[in-house]
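Enquirer: fold the following.
(2 chains)
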2 protein chains.
Amino acid sequence: MDSSRATRRARRPRDTGHLGTALLGGPPLRNSFKPLEPMSQDQLMAIHEASLTLLEEIGIEFMGKAARAAFREAGADVNDSTGLVKIPRDLISAALESAPGSFVLTPRNPARRLHIGGNHISFGLVAGPPNIHDGVAGRRSGNLQDYRSLIKLAQSFDIIHFIGNQPTAPVELPSRTRHLDCYLANVTFSDRVYHCTSIGRNRALDGIDIMAISRGITREAMAADPGVVTIISVNSPRRFDEAMSDGLMAMSEFGQAVVVTPFTLMGAMTPVTLAAALTQQNAEALSGVALTQLTRPGSPVVYGAFTSNVDMRSGAPAFGTPENARATLAAGQLARLYNLPYRASNSSASNAVDAQAAYESQMSIWSAVMGHANLVYHGAGWMEGGLTASFEKVILDVEMLQMMAETIKPIDIDPTEIAEGLKAIAAVPTGGHFFGADHTLAHYETAFYKPLLSNWQNYENWELAGGLDATRRATQIWQKALEVYEQPPLDPAIEEALTAFVARRKEELKDVDH
Amino acid sequence: MDSSRATRRARRPRDTGHLGTALLGGPPLRNSFKPLEPMSQDQLMAIHEASLTLLEEIGIEFMGKAARAAFREAGADVNDSTGLVKIPRDLISAALESAPGSFVLTPRNPARRLHIGGNHISFGLVAGPPNIHDGVAGRRSGNLQDYRSLIKLAQSFDIIHFIGNQPTAPVELPSRTRHLDCYLANVTFSDRVYHCTSIGRNRALDGIDIMAISRGITREAMAADPGVVTIISVNSPRRFDEAMSDGLMAMSEFGQAVVVTPFTLMGAMTPVTLAAALTQQNAEALSGVALTQLTRPGSPVVYGAFTSNVDMRSGAPAFGTPENARATLAAGQLARLYNLPYRASNSSASNAVDAQAAYESQMSIWSAVMGHANLVYHGAGWMEGGLTASFEKVILDVEMLQMMAETIKPIDIDPTEIAEGLKAIAAVPTGGHFFGADHTLAHYETAFYKPLLSNWQNYENWELAGGLDATRRATQIWQKALEVYEQPPLDPAIEEALTAFVARRKEELKDVDH
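Expert: The predicted structure is shown next:
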């Protein structure tokens, strides 16, 4: 106990001053709580059984020929004219047998290695929005400069463990080579695991190659020691597009991590009941998991879930809702039933970085963390249901994630702490206070979480200081973070190799239709 | 299973239109999750043992003579010159033996009865702030008009189950009779359980009498069927003021519910470590619990905890912190060890109804609910660490509490739901949608939580509609709620009796010094 306490204490964050505890919650972050489980064992098994029935009797459409060929060879009932694949349950069982329960992803900085599985938890930067917003310049289309700024922000906070797929889309760049500029920015401005865009085989392989070059190893060496991850989104209900299954197979072929995520808004892409939504989500996820294992048995794969609901009055997507939270907790039970790592999200539909953004994200974060998600996508910066990445939201989310990291760490209660505590209590008179007590002085520097964004001034001082709400304070914080940002060191020879690779690939892709 | 499902469905909220699902989460509300437990069994028992050592060897100061006499008679070691009471462990065991594990409080409307204990959960209106704030008139001192408006707001939302102690202090009224105006407003403008101010015996008894009159029963009849509750705050560290222990004894004598709450900010009123803070909090709470049982064995009592921390840089109180959340979850374990109902809070230190107010409150709400608190004080409206009650915060909190009520309800997964779901899934083509499907039409009206405050419009429509953030929308909602508020019916004879009682008591108290 003593040695583990010493380790925990040695790992306390160093206070970076300008950014509060910016270096808090770096990997490995682990969750010391047992998961929250909304389903009984009977309910869990009922969803499992219904999903297998769906896979065997109703089937999933795979538009890609390569995927259908793989399923056919493994004994599935494949209809090439409809694309429908009916998957027997022993094929699913075999896939679950070969899929690893946990794995490690290594980026160019080995200290940023991610452990994925068990009670490990990693948070990712916002991924995918076409737009960008900040409190100074307002809302605009994504572009490479903002892309780079978002990567720099991720690099500024230890709690952002990995880079998701395109934190904002640099829409001014040609779409067929845009992914190269993005990957290059990822390895230049950060030293973290990043996400490959798996729309087709090329984009996935380019992502693998750039990570390999940044680590000074070959694409083949990466297969045994993976470093990148992708999300395969299902075109729910029950359809995998060809580009997605091709991307999945490329990633699995080279041993990189695949997260299979049905994006299932209840009422739109699934029926409105949780029973039906979980059944469909689970069947879709399992079919993608199976394809990774048919491609390369033992390749790393993650059970992804993103089940929320629409507003039944307007059809608008909603996030951070009670239904979203319950589905997230329940999906964790399914992932654990299969001994697969689990991916969830931090999401909100709010159009402003306001109280709604905070409470919807908190609903997501609490359910993701207490549902034992191992990867939390969109951990920082996601707003408007994913249509916009926000600089202020990055800061707001970093604060909420850091708070959660503090909440889930193991609790320091042991005979020494208790004996010290009793002595400290006895030393202060009744009705007195502990401000100057020896015990307080010995512990106060590391006793409590030091906030990045929260303001605890009294009302009068807060008002005198400008009366800024949390959103306006967040503007000041991201500006300061970008101002003091330092690029992580990169070997000049590797930098040169990266530049050469991107130039060559741009030339090769010039005339390729996508 | 079928009949319980039918019951749950019959209890779906009716949509009141103007206020969304204002009538959601009314009693009885139950938590279907198992509690989150940060402490191991060893850690839990270590805190328990250390608290008993503190009670036996270090002692608690009781400034009140009546309290000391009760402890002395029961065999405690009492020092009248220091006020220090050292309490043997068998006295504590006996008290825990006689204290009920759960009980019921009945207000003038029996439909608003509160079940306190087990997995029941009840949320209270903000209690205690000297100031009031809203987005129209700004910040000001508490006053009777705002007091009444807050009671009306509580009455407007089913999720606010009870009225805490003075949602704001009507400071323009004479302090010796102010409690009478408050109690009268409570029973006039709401029909809920309310809180008695237990600063001395008189204020407690007046609160009991007014509840008794509103129910048409006697003070004595109330003893067997209690209807009011009080908080006994400990003047931590280790001191009960005379007014508080006298108030406690008056409430217990007449069989009303007492919540014993050490208000313990780590670093100020306790040492900085959680081990020490929990030990002290537990000893203080147990000593108060013991006094209720010495006064009247079997009288209803609640284990209260309010352990947060101060900002170690400034000494300012902080709420909704990771330390606060961990302490709240851990205190639930102690309450369950003693088979006592448990009280926690929804709190925030923010000076504005902003993202900070939302995330700090969410930290409090999740830890209170998942720590299985039975009473959540300050459920709606608390800001600035309790210095101000806010109309907008009431609305923000109501939304968050309603979302939590939806999250913790039992999950509808059974063979019928699953079979229906599979049929619905099979009926929609791959890549299609479920918007107009029969299954959707059959369920959509009650499928999802309908928000009060959240806005799910797309950005363009939201901007066209004024681009109001959640706080500004909250202003519109409380204004509308007060506009459509309807006073709950009250028998004119009872109304007359209440008025007469208050008039008589004001006359009696005219010359009484407090």
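
Enquirer: show me the contacts for A:Asn109.
Expert: Contacts for A:Asn109 (CB atoms under 8 Å, 6 or more residues apart in numbering or on different chains) come out as A:191-192, A:488. Using the backbone N, CA and C atoms, a C-beta is placed for each residue, glycine as well.

Enquirer: residues in contact with the residue in the stretch 201-350 of chain A that chain B sits nearest to?
Expert: Residue of the stretch 201-350 of chain A nearest chain B, by CB to the nearest CB: A:Ala276 (2.7 Å). Contacts here follow CB under 8 Å, 6+ apart; on that basis A:Ala276 touches A:270, B:417-418, B:420-422, B:424-425, B:439.

Enquirer: rewinding a little: out of the contacts of A:Asn109, give me the one that has the most neighbours.
Expert: A:Arg192 (26 neighbours; other CB atoms under 10 Å in any protein chain shown).

Enquirer: need phi/psi at that residue.
Expert: phi -100, psi 160 (degrees, to the nearest 10).

Enquirer: so who does it touch?
Expert: For A:Arg192, the contacting residues are A:107, A:109, A:112, A:154-155, A:160-163, A:186, by CB under 8 Å, 6+ apart.

Enquirer: nearest to B:Ile60, of the contacts of A:Asn109?
Expert: The closest of the contacts of A:Asn109 to B:Ile60 turns out to be A:Arg192 (CB to CB; 52.2 Å).

Enquirer: show the pLDDT at that closest one.
Expert: Looking at A:Arg192, its pLDDT reads 96.

Enquirer: can you check the one 3 residues further on too?
Expert: Reading off the per-residue confidence, A:His195 sits at a pLDDT of 96.

Enquirer: ok, back up a step: distance of the residue of the stretch 201-350 of chain A closest to chain B relative to A:Leu84?
Expert: 19 Å (CB to CB, to the nearest Å).

Enquirer: wait, what's in contact with the residue of the stretch 401-514 of chain A found nearest chain B?
Expert: Going by CB to the nearest CB, chain B is nearest to A:Gly421 of the stretch 401-514 of chain A, at 2.7 Å. Taking CB under 8 Å, 6+ apart as the criterion, A:Gly421 is in contact with A:439, B:50, B:271, B:273, B:275-277, B:279-280.

Enquirer: let's see 6 Å
Expert: B:271, B:273, B:275-276, B:279 (CB atoms under 6 Å, 6 or more residues apart in numbering or on different chains).

Enquirer: where is the longest helix in chain A?
Expert: As assigned by DSSP state H, the longest helix anywhere in chain A is helix A:274-295.

Enquirer: could you pull up the residues touching the most centrally placed residue in chain A?
Expert: In chain A, the residue lying closest to the centroid (CA atoms, centre = their mean) is A:Tyr377, at 2.4 Å. A:Tyr377 makes contact with A:124, A:164, A:345, according to CB under 6 Å, 6+ apart.

Enquirer: again, 7 Å this time
Expert: A:124, A:127, A:164, A:343, A:345 (CB atoms under 7 Å, 6 or more residues apart in numbering or on different chains).

Enquirer: checking the second one next. Helix, strand or coil?
Expert: Meaning A:Ala127. coil (DSSP: H, G, I helix; E, B strand; the rest coil).

Enquirer: then the first one?
Expert: Three-state secondary structure (criterion: three-state DSSP) places A:Gly124 in strand.

Enquirer: same question, A:Ala389
Expert: Secondary structure for A:Ala389, judged by three-state DSSP, is strand.

Enquirer: pretty sure it is touching A:Ile132, no?
Expert: Yes: in this structure, A:Ala389 is within contact of A:Ile132 by CB atoms under 7 Å, at 5.2 Å.

Enquirer: could you pull out the residues contacting both of these two?
Expert: Shared contacts of A:Ala389 and A:Ile132, defined by CB under 7 Å, 6+ apart, are found at A:Thr168.

Enquirer: these two: who's more crowded?
Expert: Neighbour count, other CB under 10 Å: between A:Ala389 and A:Ile132, A:Ala389 has more, with 32 against 27.

Enquirer: residue ranges in chain A under the pLDDT threshold?
Expert: Within chain A, the ranges that satisfy pLDDT under 70 run A:1-27, A:513-514.

Enquirer: isn't A:Asp206 right next to A:Lys506, touching?
Expert: No: using CB under 7 Å, A:Asp206 makes no contact with A:Lys506, being 10.2 Å away.

Enquirer: so which of those two has more stuff around it?
Expert: Applying other CB under 10 Å to A:Asp206 and A:Lys506 shows that A:Asp206 carries more neighbours, namely 22 against 14.

Enquirer: who are the packing partners of whichever helix or strand the more buried one is part of?
Expert: A:Asp206 is part of helix A:201-215 when elements are defined by DSSP states H and E. Contacts defined by 3 or more CB pairs under 7 Å, 6 or more residues apart in numbering or on different chains; DSSP states H and E place helix A:201-215 against helix A:178-189, helix A:219-224, strand A:228-234, helix A:242-253, helix A:492-509.

Enquirer: next, the angle from it to helix A:178-189.
Expert: Angle, helix A:201-215 to helix A:178-189, by axes from the mean of the first three to the mean of the last three CA atoms, to 10 degrees: 20 degrees.

Enquirer: so which bits of helix A:201-215 are buried?
Expert: By neighbour count with 16 or more other CB atoms under 10 Å in any protein chain shown, helix A:201-215 contains the buried residues A:201-215.

Enquirer: look up how far chain B lies from A:Gln43.
Expert: Distance, A:Gln43 to chain B, by CB to the nearest CB, to the nearest Å: 4 Å.

Enquirer: that residue - nearest residue in space that isn't next to it in sequence?
Expert: Take A:Gln43 and drop its neighbours on the chain: the residue closest to it by CB to CB, 6 or more residues apart in numbering or on different chains is B:Ile413, 4.3 Å away.

Enquirer: show me what contacts the one you found?
Expert: Applying CB under 7 Å, 6+ apart to B:Ile413 gives the contacts A:39, A:43, A:46-47, A:274-275.

Enquirer: was I right about A:Met222 contacting A:Ser214?
Expert: No: counting by CB under 7 Å, A:Met222 stays clear of A:Ser214, with 10.6 Å between them.

Enquirer: related to what we said a few turns ago, what's the ChimeraX line that selects buried ones from the contacts of A:Ala276?
Expert: Selecting only the buried entries of these in ChimeraX, with 16+ other CB under 10 Å as the criterion:
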select /A:270 /B:417,418,420,421,422,424,425,439
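
Enquirer: for the contacts of A:Ala276, which one is nearest A:Arg176?
Expert: A:Thr270 (33.3 Å).

Enquirer: returning to what we had before: can you confirm the residue of the stretch 401-514 of chain A closest to chain B is in a helix?
Expert: Yes: if the criterion is three-state DSSP, then A:Gly421 is within a helix.

Enquirer: against B:Leu278, how distant is it?
Expert: 9 Å.

Enquirer: I'd like to know how many residues surround A:Gly75.
Expert: 12.

Enquirer: roughly how far does A:Met222 sit from A:Gln256?
Expert: Here the criterion is CB to CB. By it, A:Met222 lies 7 Å from A:Gln256.

Enquirer: more neighbours, those two?
Expert: A:Gln256 (27 against 20).

Enquirer: ok, which stretches of the stretch 1-150 of chain A are helices?
Expert: Ranges of helices in the stretch 1-150 of chain A, per DSSP state H, counting those that start in this stretch, are A:2-10, A:41-53, A:65-73, A:89-98, A:144-156.
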